[in-house]
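Novice: Need a 3D model of the sequence below.
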Amino acid sequence: MKLNPYSLILLLSFASLQTFVASNTANSDERPPNFVIIFLDDSGWGDFHPFGNPKYKTPHVQRLAKEGTQFNNFYVPQAVCSASRAALLTGCYPGRTKVFGAHPPKAKGLDPKFATLAEVLKKKGYATCFTGKWHVGDQEATRPQARGFDESSGLMYSNDMWEFHPENPKYWGKFPLKYWKNGKVTIERVTKKHQPYLTTWSTEHAVDFIKRKKDQPFFVYVPHSMPHVPLFVSEKFAGKSGQGLYGDVMMEIDWSVGEIMKALEKNGVEKNTLVAFTSDNGPWISYGNHAGTTPFREAKGTSFDGGIRSACIIKLPGKIPAGHISTRAFSSIDFLPTFSSLAQAQLPSNPVDGKDVWSIITGQKNAKNPHSYYPFSNGRRFEGIISGDGIWKLHIPHRYRTLVQPAHDGQAGKYKSMNVELSLFKLDEDPLESENVLKKHPEQAEKMLQMAEKHKKTFYPKQK
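Specialist: Residues are numbered from 1 along each chain as shown. Modelled structure (predicted):
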């Protein structure tokens with residue numbers, strides 16, 4: 001039977017429509033992406049290739065950058081452990097959650113009224129796993145099992161609170177560091193014989209979880225306890241870097257990244273898994289050869305970029321450009337809303353300060369950051385803001401610590417207090433925050449000062 005041209009066009013159009021409907025039906029039923037967040041402790045911006053050029057090798061992080069996008073202007077809202085972790089998990093400013101600084105044992109921890117990313121994803125059928133260092137509450141209501149994680153293993157607070165750490169204040173000895181697994185203590189007292197295996201144990205748990213949960217959406221959160229002091233490394237990497245203990249530790253972390261990537265590939269989920277690699281803050285340079293490096297001003301415990309700018313790589317094949325280097329600014333508080341959107345999960349009922357920045361992460365040409373600014377703080381003190389485009393940074397007057405004498409081999413150095421005046425820095429031209437351009441750009445300074453004052457009144461009303 002011959003078809004006339006009009007019938008042929010109609011038939012082809014109908015076939016195309018069927019294909020379009022089938023394609024969209026498949027897409028609507030498509031499994032949402034898995035998420036893996038590897039979150040280091042006190043790692044310096046320049047500790048891994050390709051961000052820095054250390055003398056030890058980090059091939060797996062390099063490969064991750066080659067297959068994903070390297071973000072050079074990624075920020076955390078506070079350059080200290082607990083505050084940074086709570087912000088990542090909840091998408092909220094420290095000023096909102098009131099999780100500041102580094103929480104000691106028996107502290108209140110992250111208030112359960114602020115939902116974690118695990119709780120959000122679990123409602124969409126995700127299997128969830130935490131393995132590493134928690135440090136946002138060691139009480140029953142604030143531990144991982146109560147905060148949306150199906151499985152968990154690791155330490156409940158910071159490794160430097162370990163009673164055998166040489167720099168440990170005497171009162172920490174009242175709280176022996178325990179190792180937990182799935183809500184139960186499996187090691188009552190972590191000692192020197194256990195410490196070298198912390199990175200390996202977290203890696204093995206993550207790999208095993210991926211293998212067992214490959215057939216459903218999953219979220220794996222791997223906040224390693226390293227390279228925070230005290231440093232320990234397993235026998236398989238001891239002396240391998242030729243650059244001392246810190247180099248050995250970094251090579252083992254790189255190995256961990258490689259093992260997790262292999263697990264994703266081996267289990268057939270690599271193409272549908274978003275992997276994010278970053279750190280809670282900059283290096284604790286007081287510890288000299290047991291600390292990382294950053295090209296930026298100051299380091300951990302300050303609001304200069306050496307403290308709050310972290311190296312970041314994000315990979316999702318076919319969605320995030322491979323081998324790309326982005327200078328667009330965004331923050332760890334944006335993870336929860338962005339990943340929730342990808343998973344088509346509903347945001348929690350509590351206020352969330354982060355925004356969906358998927359257009360920035362995927363490198364869309366005309367993407368605009370939905371934030372007018374990002375605040376930064378230190379402890380309970382608000383210290384300024386960065387513009388949403390990452391170009392301008394305003395410090396309101398505050399005191400900060402600066403290192404005057406680093407130490408070596410696990411001993412702490414000495415700091416002194418300094419004052420920073422009201423300062424405006426143009427980060428795209430002056431990433432080292434060396435020239436205060438307040439007088440050169442008074443309109444920009446006034447605009448940002450008004451935003452900073454409004455933020456302070458809202459979240460830090462008692463601060464003068």
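Novice: okay, CA-based contacts and neighbour counts for the rest of this
Specialist: OK.
Novice: contact partners of whichever strand or helix holds Leu449?
Specialist: Per DSSP states H and E: Leu449 is located in helix 442-459. For helix 442-459, the surrounding residues in contact (Cα atoms under 8 Å, 6 or more residues apart in numbering) are 95-96, 373, 375, 382, 384-385, 387, 394, 396, 424, 438, 463.
Novice: what about stretch 298-310, distance to the chain center?
Specialist: 14 Å (Cα atoms, centre = their mean, to the nearest Å).
Novice: cool, stretch 449-458 as well?
Specialist: 26 Å.
Novice: buried ones in it?
Specialist: The neighbour-count check on stretch 449-458 (16 or more other Cα atoms under 10 Å) flags 449, 451-452, 455-456 as buried.
Novice: could these be laid out in CSV, adding pLDDT and distance to Trp180?
Specialist: Converted to CSV, these look like this (pLDDT from 0 to 100; distance: Cα to Cα, whole Å):
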residue, pLDDT, distance to Trp180
Leu449, 98, 45
Met451, 98, 43
Ala452, 98, 41
His455, 98, 38
Lys456, 98, 38
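Novice: export those residues to TSV and tack on distance to Asn34?
Specialist: Compiled in TSV, the buried residues of stretch 449-458 are given as follows (distance: Cα to Cα, whole Å):
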residue	distance to Asn34
Leu449	40
Met451	36
Ala452	36
His455	34
Lys456	37
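Novice: where along this structure do the helices fall?
Specialist: Taking DSSP state H to define them, one finds helices in the chain at 5-29, 59-67, 81-90, 94-97, 117-122, 198-212, 244-266, 305-308, 335-342, 358-361, 442-459.
Novice: Out of the ones you listed, which gets nearest to Thr128?
Specialist: Closest of those to Thr128 is helix 117-122, at 6.2 Å (criterion: Cα to Cα).
Novice: I'd like to know how far the spatially closest residue to Val80 that is not a sequence neighbour sits from Phe74.
Specialist: Distance criterion Cα to Cα, 6 or more residues apart in numbering; nearest residue to Val80, sequence neighbours excluded, is Gly101 at 5.3 Å. Gly101 sits at a distance of 20 Å from Phe74 (criterion: Cα to Cα, to the nearest Å).
Novice: any idea how far Glu151 is from Pro217?
Specialist: From Pro217 across to Glu151, the span is 15 Å (Cα to Cα).
Novice: of those two, who's got more company?
Specialist: Neighbour tally, Pro217 and Glu151, criterion other Cα atoms under 10 Å: the higher count belongs to Pro217, 23 against 18.
Novice: right, and the more buried one touches Ala127 too?
Specialist: Yes. The pair Pro217 / Ala127 is scored as a contact, 6.3 Å apart, by Cα atoms under 8 Å.
Novice: joint contacts of those two?
Specialist: Counting by Cα under 8 Å, 6+ apart, Pro217 and Ala127 have no shared contacts at all.
Novice: Could you list everything the spatially closest residue to Thr131 that is not a sequence neighbour pairs with in the sheet?
Specialist: Leaving aside its sequence neighbours, Thr131 sits nearest to Ser153 (Cα to Cα, 6+ apart; 4.7 Å). Taking DSSP bridges as the rule, Ser153 bridges to Thr131, Lys181.
Novice: Does Ser153 touch Gly132 like I think?
Specialist: Yes. Counting by Cα under 8 Å, Ser153 touches Gly132, with 6.4 Å between them.
Novice: quick one: common contacting residues for these two?
Specialist: Joint contacts of Ser153 and Gly132 (Cα under 8 Å, 6+ apart) are Ser202.
Novice: Gly101 and Phe74: who's more crowded?
Specialist: Legend: neighbour count by other Cα under 10 Å for Gly101 and Phe74, higher for Phe74 (23 against 19).
Novice: CSV please, covering the helices of the chain and showing distance to Asn350.
Specialist: Shown next, in CSV, are those (distance: least, Cα to Cα, whole Å):
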stretch, distance to Asn350
helix 5-29, 28
helix 59-67, 34
helix 81-90, 10
helix 94-97, 10
helix 117-122, 11
helix 198-212, 29
helix 244-266, 33
helix 305-308, 25
helix 335-342, 12
helix 358-361, 22
helix 442-459, 15
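Novice: start to end distance for stretch 268-284?
Specialist: End-to-end span of stretch 268-284 (Cα to Cα): 38 Å.
Novice: Of all the residues in that stretch, which ones are buried?
Specialist: By 16+ other Cα under 10 Å, the buried positions in stretch 268-284 come out as 269-270, 272-284.
Novice: what's the closest of those to His60?
Specialist: Phe277 (11.3 Å).
Novice: these two touch, right, that closest one and Phe335?
Specialist: No. Phe277 is not in contact with Phe335 according to Cα under 8 Å; the separation is 11.9 Å.
Novice: where's Pro77 relative to Lys300, distance?
Specialist: Here the criterion is Cα to Cα. By it, Pro77 lies 12 Å from Lys300.
Novice: Ok, Pro105 next?
Specialist: Taken as Cα to Cα, the span from Pro105 to Lys300 is 21 Å.
Novice: of these two, who's got more company?
Specialist: More crowded of Pro105 and Lys300, by other Cα under 10 Å: Lys300, with 27 against 21.
Novice: if we can go back for a sec, from the contacts of helix 442-459, which would you call buried?
Specialist: Among those, those classed as buried by 16+ other Cα under 10 Å are 95, 373, 375, 382, 384-385, 387, 394, 396, 424, 438.
Novice: Quickly check those residues for the two that are furthest apart.
Specialist: Greatest spacing in those, by Cα to Cα: Gly95 and Leu438 (26.0 Å).
Novice: Please enumerate the strands of the stretch 101-250 of the chain.
Specialist: Residue ranges of the strands in the stretch 101-250 of the chain, as given by DSSP state E, counting those that start in this stretch, are 127-133, 151-155, 179-181, 184-187, 218-222.
Novice: quick one: which of the ones you listed is nearest Pro406?
Specialist: For those, proximity to Pro406 was assessed by Cα to Cα; strand 127-133 is nearest, at 25.8 Å.
Novice: Which strands and helices lie in contact with the closest one?
Specialist: Contacts defined by 3 or more Cα pairs under 8 Å, 6 or more residues apart in numbering; DSSP states H and E place strand 127-133 against strand 151-155, helix 198-212, strand 218-222.
Novice: Now the second one: buried residues?
Specialist: Of the residues in helix 198-212, those scored as buried under the neighbour-count criterion (16+ other Cα under 10 Å) are 198-203, 205-207, 209-211.
Novice: now swap in stretch 110-119 and tell me
Specialist: 110, 114-119.
Novice: Ok, stretch 429-448 next?
Specialist: By 16+ other Cα under 10 Å, the buried positions in stretch 429-448 come out as 431-433, 436, 438, 445, 448.
Novice: among the helices of the chain, which is nearest Gly410?
Specialist: Of all these, helix 244-266 comes closest under Cα to Cα, at 10.0 Å.
Novice: How about the contacts made by the residue nearest to Leu155 when sequence neighbours are not counted?
Specialist: Spatial nearest neighbour of Leu155, chain neighbours left out: Lys133 (4.9 Å); criterion: Cα to Cα, 6+ apart. Listed by Cα under 8 Å, 6+ apart, the contact set of Lys133 reads 154-158, 223-225.
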